[in-house]
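A.B. asks: Sequence first, predicted coordinates after that:
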Amino acid sequence: MGWVADVRVNSPFPKVPDQQSDGPLHRLRYALALLVAVIVAGSLGYHLLSKLDALDSAYMAITTLFTVGFRELGEVNARTKLFTIFYLIVGLGVATYAISNLTALLLEGDLRGYLLERRMLKRLDDLKDHVIVCGFGKMGFQAAWELKKAGVPFVIIEQDETKGRSPRFAGELILYGNAMDDMILERAGIRLARGLITALTTDADNVLVTLTAKQIRPNLPVVARSAKLGTERQLRAAGADHIVSPYEIGGRRMAGLLLKPEVMNFFDIVLQQEQLELGMERIEIAPRSPLVGQTLREAHLRHATGSLLVGLVHPGAGLQFNPSGDERFQAGDVLLIMGPAEALETLTRLARATA
């Protein structure tokens with residue numbers, strides 16, 4: 001399926017036509033061009049037959065065409081009468097065709113849907129630092145909903161055109177097509193995306209999406225769904241950076257709620273976007289940040305910002321949980337911090353040198 005033809009708003013309006021097909025605007029332009037051509041031809045005829053100037057000729061052509069019934073101008077003879085009869089027969093047909101097309105476009109919603117979807121195409125062209133969600137089943141739906149709640153821009157790729165009509169995603173960008181098609185991924189802005197989530201039904205499809213995405217952009221972070229236990233190896237080999245098994249996660253959570261309910265409740269508070277009293281953020285230290293060169297003990301993050309440093313990742317190294325006070329911050333370090341929203345914002349400005 002062509003990517004342009006598959007872009008649509010989350011609405012009942014028809015598809016955007018591609019460059020080879022007749023869209024609503026093309027039909028409207030064609031009808032109006034015919035109408036203008038008939039008026040010009042009528043004006044020229046009255047100019048030659050009735051010896052009228054340009055304004056009077058156009059006046060006669062328009063009043064005759066729309067059967068207004070004003071008085072005739074200029075010389076009226078047999079040739080003028082025959083021309084008027086022929087002009088009315090041809091012109092009325094063209095005018096009726098043009099007006100009916102315009103009325104249909106306005107009343108049936110074709111033109112409005114076309115213009116809305118053109119705006120969606122413009123939004124696609126302007127996308128950057130967004131997330132691509134492949135598959136709009138139950139898992140893809142929830143992933144997209146979490147992104148929307150977090151205020152992260154995203155575009156959904158879904159092959160089934162019956163999906164994506166939820167009121168929750170009204171007006172969101174949805175590309176209807178095959179996520180394994182590199183043209184669809186290119187149209188979704190994969191080269192400027194911050195990451196990709198593939199949550200298709202089968203593991204084989206998720207492997208192919210991961211392979212295609214990594215071929216286009218090898219450094220793109222990819223989170224892949226694993227429907228069956230034991231397929232993680234294939235997804236890793238395809239290049240998936242993170243693998244999520246819903247059944248494994250669900251089983252762990254169910255057991256954890258019985259064995260360690262307080263711990264699970266704590267993580268719910270941290271991870272749920274609705275909980276404003278406590279949150280967790282991932283922040284990268286900018287080269288010009290005043291934190292660069294300081295140790296954790298010297299920075300006094302908790303005292304200065306009210307946030308808690310949970311983990312630290314040096315460039316090219318793994319995660320250090322609960323780092324010691326002697327750890328020295330470097331440009332490019334990633335901080336995992338926890339605290340109230342205001343404290344997180346304060347530390348974010350400090351780390352990014354935007355204070």
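C.D. replies: That came through, no problem. Residues are numbered from 1 along each chain as shown.
A.B. asks: Test my guess that residue 352 contacts residue 289.
C.D. replies: Yes: assessed by C-beta atoms under 8 Å, residue 352 is found in contact with residue 289 at 6.6 Å. (Each C-beta comes from the backbone N, C-alpha and C, glycine too.)
A.B. asks: Same drill for those two, tell me which one is more crowded.
C.D. replies: It is residue 289, of residue 352 and residue 289, that has more neighbours when counted by other C-beta atoms under 10 Å, with 21 against 15.
A.B. asks: Look up how far residue 332 lies from the more buried one.
C.D. replies: Distance, residue 289 to residue 332, using C-beta to C-beta, to the nearest Å: 10 Å.
A.B. asks: What of residue 44?
C.D. replies: Taking C-beta to C-beta, one finds residue 44 at 73 Å from residue 332.
A.B. asks: and what of residue 41?
C.D. replies: Going from residue 41 to residue 332 by C-beta to C-beta gives 71 Å.
A.B. asks: Tell me how the chain divides into domains.
C.D. replies: 24-108, 127-244, 278-351 (automatic domain parsing).
A.B. asks: and the last one, how far from the chain's centre?
C.D. replies: When distances are taken as C-alpha atoms, centre = their mean, to the nearest Å, domain 278-351 is centred 33 Å away from the chain's centroid.
A.B. asks: Now that domain: average pLDDT?
C.D. replies: The average pLDDT within domain 278-351 is 86.
A.B. asks: Next: stretch 240-255.
C.D. replies: So the average pLDDT for stretch 240-255 ends up being 84.
A.B. asks: Which residues does that stretch contact?
C.D. replies: Under the criterion C-beta atoms under 8 Å, 6 or more residues apart in numbering, residues 139, 198, 206, 210, 221-227, 229, 232, 235-236, 264 lie in contact with stretch 240-255.
A.B. asks: And it, what's buried?
C.D. replies: Within stretch 240-255, the residues that qualify as buried are 240, 241, 243, 244, 245, counting by 16 or more other C-beta atoms under 10 Å.
A.B. asks: Check those residues and tell me the two furthest apart.
C.D. replies: Greatest spatial distance among the buried residues of stretch 240-255 (C-beta to C-beta): 241 and 245, at 15.0 Å.
A.B. asks: phi, psi of residue 328?
C.D. replies: phi -100, psi 130 (degrees, to the nearest 10).
A.B. asks: Just give me the neighbour total for residue 76.
C.D. replies: 12.
A.B. asks: what's it in contact with, if anything?
C.D. replies: residue 50.
A.B. asks: tell me the secondary structure for it?
C.D. replies: coil (DSSP: H, G, I helix; E, B strand; the rest coil).
A.B. asks: Look up which helix or strand residue 174 falls in, please.
C.D. replies: strand 173-176 (DSSP states H and E).
A.B. asks: what distance separates that strand from the centre of its chain?
C.D. replies: Distance, centroid of strand 173-176 to centroid of chain: 7 Å (C-alpha atoms, centre = their mean).
A.B. asks: low-confidence ranges in this protein?
C.D. replies: The model of the chain has pLDDT under 70 over residues 1-25, 68-72, 74-75, 105-117, 164, 266, 268-278, 355.
A.B. asks: Now do the helices in it.
C.D. replies: 3-6, 24-50, 54-65, 78-108, 110-126, 138-150, 182-187, 203-216, 232-238, 246-259, 261-271, 296-299, 301-305, 341-351 (DSSP state H).
A.B. asks: Residue 234: neighbouring residues, count only.
C.D. replies: Residue 234: 17 neighbours (other C-beta under 10 Å).
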